[in-house]
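Visitor: Would you be able to build a 3D model of this:
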Amino acid sequence: MATPYLCPTCGTNRTRFNLIEQVAQSVKKDPQTGDITETIIAPDPLHIFYQGASYLVQCGVCGQVETEERFIKSAQAQPMPFLYS
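Guide: Below is the predicted model:
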């Protein structure tokens with residue numbers, strides 16, 4: 001089901017947004033050089049895997065980046081006014 005958005009920062013944008021996909025890659029880095037030494041695929045008891053949102057939303061007017069939930073809650077708190085024709 002489609003859900004309306006409203007930017008929680010500028011409070012005016014309801015139409016222009018960027019959906020930013022987040023693809024996490026777990027790696028180990030050399031502490032001296034910063035080179036990636038290993039890509040972690042299998043469960044590692046000493047590593048916490050990314051558990052954040054799979055995508056974020058960016059306002060196409062002011063550029064604010066937040067979770068989708070913030071944009072949805074903002075739209076629910078300030079519903080569109082009913083326009084008579």
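
Visitor: those strands in this structure, which residues are they?
Guide: For the chain, applying DSSP state E gives strands covering 17-21, 27-29, 36-39, 55-59, 65-66.

Visitor: Identify the residues contacting the third one?
Guide: Where contact means CB atoms under 8 Å, 6 or more residues apart in numbering, the residues beyond strand 36-39 that reach it are 25-30. All C-beta spots, glycine's among them, are computed from the backbone N, C-alpha and C.

Visitor: Buried ones among those residues?
Guide: The neighbour count (16 or more other CB atoms under 10 Å) marks nothing among the contacts of strand 36-39 as buried.

Visitor: Any chance of those in CSV with distance to residue 12 and pLDDT as columns?
Guide: As requested, those are exported to CSV (distance: CB to CB, whole Å; pLDDT from 0 to 100):
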residue, distance to residue 12, pLDDT
25, 36, 88
26, 39, 89
27, 40, 91
28, 44, 92
29, 42, 95
30, 47, 96
